[in-house]
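Q: Please find the sequence and the predicted model below.
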Amino acid sequence: SFGYVFKPGFSAEIGYMPEFENRVRVCFSATYMVMKTRMAEFPIYAVQSSQTTVILPGTQSFDKYNLFHIFGGIDVAVVKRKKLFAYLGTDITIGTGSVDENYEIKTLITSGYSGGGYIAGLRFRLGVQYDINDYFGIIAHANRTGYIISEPATINWFNDYGIGVRYQFD
């Protein structure tokens, strides 16, 4: 989890979310996130051992950490009233990440990474939907997403909270 590295931010997600049919619906969406760091550099260290042990200070920085996710999954309405729905959902996510990071440990190593990799993971959702009329609805949900990015190889978790408008096409 990079919660100590990246600031909370805003992103937009666009998707397909039909009406509930017998309390179930299949959903698809996509989002692009540009992550911003909390600080320009983060302190790190290395331990060098030979006859004595030396702790060497260093820094790590991220010039870029951008993510593109495509989500596909299912929602199940656990509460279904005339215009109000409370639902649980889960998605499979795939995508790509683009990363530029640098780290330096004085007298030992200066290195960096520029590239990216593929994303695969799961997202879990708790949400509500209120239908204003036959065409418009308001949605709000909380998500917990976990994914693996292939390069640089990491496992990440994040929470996001969404509010939005739903339009039903005929």
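A: Yep, that arrived. Residues are numbered from 1 along each chain as shown.
Q: ok, the lowest-mean-pLDDT helix or strand in the chain: who's next to it in the sheet?
A: Counting by mean pLDDT, DSSP states H and E, the weakest-scoring helix or strand in the chain turns out to be strand 42-49, with a mean of 87. Using DSSP bridges, strand 42-49 pairs in its sheet with strand 53-80 (antiparallel).
Q: can you give me the mean pLDDT across the strand it pairs with?
A: Per-residue pLDDT over strand 53-80 has a mean of 93.
Q: Following the chain onward from that strand, which element is next?
A: Counting by DSSP states H and E, the next helix or strand C-terminal to strand 53-80 is strand 84-105.
Q: where's the least confident helix or strand of the chain relative to the chain centroid, distance-wise?
A: Here strand 42-49 is found 29 Å from its chain centre; the criterion is C-alpha atoms, centre = their mean, to the nearest Å.
Q: what's whichever strand or helix holds Val165 packed up against?
A: Per DSSP H and E: Val165 is located in strand 154-167. With contacts taken as 3 or more C-beta pairs under 8 Å, 6 or more residues apart in numbering; DSSP states H and E, strand 154-167 sits against strand 136-149. No exception for glycine: its C-beta is placed from N, CA and C like everyone else's.
Q: Residues contacting the strand it packs on, please?
A: The contact list for strand 136-149 (C-beta atoms under 8 Å, 6 or more residues apart in numbering) reads 17, 69, 89, 93, 95, 97, 99, 116-132, 154-168.
Q: Can you point out the buried residues in it?
A: Using 16 or more other C-beta atoms under 10 Å as the test for burial, strand 136-149 gives Gly137, Ile139, His141, Asn143, Thr145, Tyr147, Ile149.
Q: Repeat that for stretch 115-129.
A: Neighbour-count burial for stretch 115-129 flags Gly116, Gly117, Ile119, Gly121, Arg123, Arg125, Gly127, Gln129 (criterion: 16+ other C-beta under 10 Å).
Q: So which of those belong to strands?
A: Of the positions in the buried residues of stretch 115-129, Gly116, Gly117, Ile119, Gly121, Arg123, Arg125, Gly127, Gln129 sit in strands, assigned by DSSP state E.
Q: was I right about the third one contacting Thr96?
A: Yes. Counting by C-beta atoms under 8 Å, Ile119 does reach Thr96; the two are 6.2 Å apart.
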